[in-house]
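Participant: Here is the input, now give the coordinates:
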Amino acid sequence: MGLITPNGEVTNAGLLLCDQGVLRHSRVVCTHWKGKEKGEIDGDALDDQEFFGTSLIMLLNNAEAFIRNNSKNPWTVQGMRREEKSDYPFRAVREVLVNALIHRDYQNMGAEVHVDMYDDRMEISSPGGMMNGSRIQDLDLRMVPSMRRNEIISDIFGRLHYMDRRGSGIRRIINSYTYYKNKPIFYSNEYFFLVSLPNRGIASKIKDATEETQLTGEETQLTVENVHLEVLMTSIRQKCRNKFRTGTVDKFIKLLIIYEDKYPFNRQIVATQFEISENAASRLLKKAIDCGIVRKEKRGVYYFRVS
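Facilitator: Presented below is the predicted three-dimensional model:
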């Protein structure tokens, strides 16, 4: 798979995907700013975190958790539908973050992926422009060719279902804003690539609310996925009965909504979600494993159990 050379040495792709995160420039810097621009208001950072020292998958999970925790209306599940009223649509956020991590220029040692949240938008930027030298703002977004700067990493993320190998990511991002006047903005030059996602919580709608109930093909898929998620939520509530406090169960459900049973998380994420220390998070995870709602894949990596 390209993670180890024939001589048994770990490749750069392998280093980027290992839990130890030995490549120091593989990091994500997240900031929630006051106002609509950096430095617009004194004491302008409401929250800021820098994630490094771990795998690309955990960087993705940590960045998603930061965005969700800093959204006034975070993505969630209500009934059988997900995220229609969220500030930032989960699928668009994941698509942009995945692209930023797997397509960035890792030869640029002094740069990192940035997530900047403002009152009216979120900007995600990564080092390295379009591989063919073009500028995405000059292209028809429906016709942008799929090009991979880091083929091995792209293949691994595709196998793990973090990305669509068919090159439909940009269309998915745009479709998340079908009913809004404010649209995502794509910009690139030779040095970096940037995507700006409008805050749907304050964006102007262009169609009435009744049209939101009409399911597109992709929304239908979301509904099917949410049926599965509802089953998982019921299973967790049953297994946790009389073993955890109601508030603790609710926090597990919130974590499940983000990671489902397909994506990994670690004790740092649990500590942030539950507002406890990492040692307390380790104890909580052990109890969750004993209850059968969480499984440990390997050291420091956890998943929710399917059954």
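Participant: thought residue 192 was touching residue 130?
Facilitator: No. Counting by C-beta atoms under 8 Å, residue 192 stays clear of residue 130, with 10.7 Å between them. The way it works is simple: take the backbone N, C-alpha and C, and place the C-beta from them, glycine included.
Participant: Which pLDDT value goes with residue 217?
Facilitator: pLDDT recorded at residue 217 is 47.
Participant: give the contact list for the residue nearest to residue 251 when sequence neighbours are not counted.
Facilitator: Using C-beta to C-beta, 6 or more residues apart in numbering and skipping residues adjacent in sequence, the residue nearest residue 251 is residue 274, 5.3 Å away. Under the criterion of C-beta atoms under 8 Å, 6 or more residues apart in numbering, the contact list for residue 274 reads 248, 251, 280-281, 284.
Participant: hmm, 7 Å instead?
Facilitator: Shown in contact with residue 274 (C-beta atoms under 7 Å, 6 or more residues apart in numbering): 251, 281, 284.
Participant: gap between it and residue 130?
Facilitator: 41 Å (C-beta to C-beta, to the nearest Å).
Participant: And residue 55, by the same measure?
Facilitator: Note on residue 55: its distance to residue 130, by C-beta to C-beta, is 26 Å.
Participant: give me the element residue 171 is part of.
Facilitator: helix 169-175 (DSSP states H and E).
Participant: elements contacting that helix?
Facilitator: Packing partners of helix 169-175 (3 or more C-beta pairs under 7 Å, 6 or more residues apart in numbering; DSSP states H and E): helix 90-103.
Participant: same thing but at 10 Å, please
Facilitator: Helices and strands touching helix 169-175, by 3 or more C-beta pairs under 10 Å, 6 or more residues apart in numbering; DSSP states H and E, are helix 90-103, strand 185-188, strand 192-198, helix 217-240.
Participant: Any idea which of those gets closest to residue 258?
Facilitator: Nearest of the helices and strands packed on helix 169-175 to residue 258, taken as C-beta to C-beta: helix 90-103 at 8.3 Å.
Participant: Give the buried residues for the closest one.
Facilitator: Within helix 90-103, the residues scored as buried using 16 or more other C-beta atoms under 10 Å are 90-103.
Participant: now do stretch 139-156
Facilitator: For stretch 139-156, by 16+ other C-beta under 10 Å, it's 144, 150, 152-156.
Participant: swap in stretch 240-248?
Facilitator: 240, 244.
Participant: If you average the pLDDT over it, what comes out?
Facilitator: On average, stretch 240-248 scores 88.
Participant: Which stretches in the chain count as helices?
Facilitator: For the chain, the helices defined by DSSP state H cover 12-17, 56-69, 90-103, 151-159, 169-175, 217-240, 246-259, 267-274, 278-291.
Participant: For those, give me TSV that also has distance to residue 196.
Facilitator: Shown next, in TSV, are the helices of the chain (distance: least, C-beta to C-beta, whole Å):
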stretch	distance to residue 196
helix 12-17	26
helix 56-69	14
helix 90-103	10
helix 151-159	23
helix 169-175	11
helix 217-240	22
helix 246-259	23
helix 267-274	26
helix 278-291	34
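Participant: ranking the ones you listed by mean pLDDT, which is last?
Facilitator: helix 217-240 (a mean of 66).
Participant: which residues does the closest residue to residue 104 other than its chain neighbours contact?
Facilitator: Leaving aside its sequence neighbours, residue 104 sits nearest to residue 126 (C-beta to C-beta, 6+ apart; 4.0 Å). Residues near residue 126 by C-beta atoms under 10 Å, 6 or more residues apart in numbering: 28, 96-97, 99-105, 108, 111-114, 188, 192-195.
Participant: Could I get the full set of strands for the stretch 1-150 of the chain?
Facilitator: 28-33, 45-51, 77-78, 81-82, 113-117, 121-127 (DSSP state E, counting those that start in this stretch).
Participant: I'd say residue 152 and residue 14 touch.
Facilitator: Yes. In this structure, residue 152 is within contact of residue 14 by C-beta atoms under 10 Å, at 8.4 Å.
Participant: could you measure the nearest residue to residue 100 once chain neighbours are set aside against residue 99, distance?
Facilitator: In space, and not counting its chain neighbours, residue 100 is closest to residue 126: 3.9 Å by C-beta to C-beta, 6+ apart. In this structure, residue 126 and residue 99 are 8 Å apart, going by C-beta to C-beta.
Participant: Good, wrapping up.
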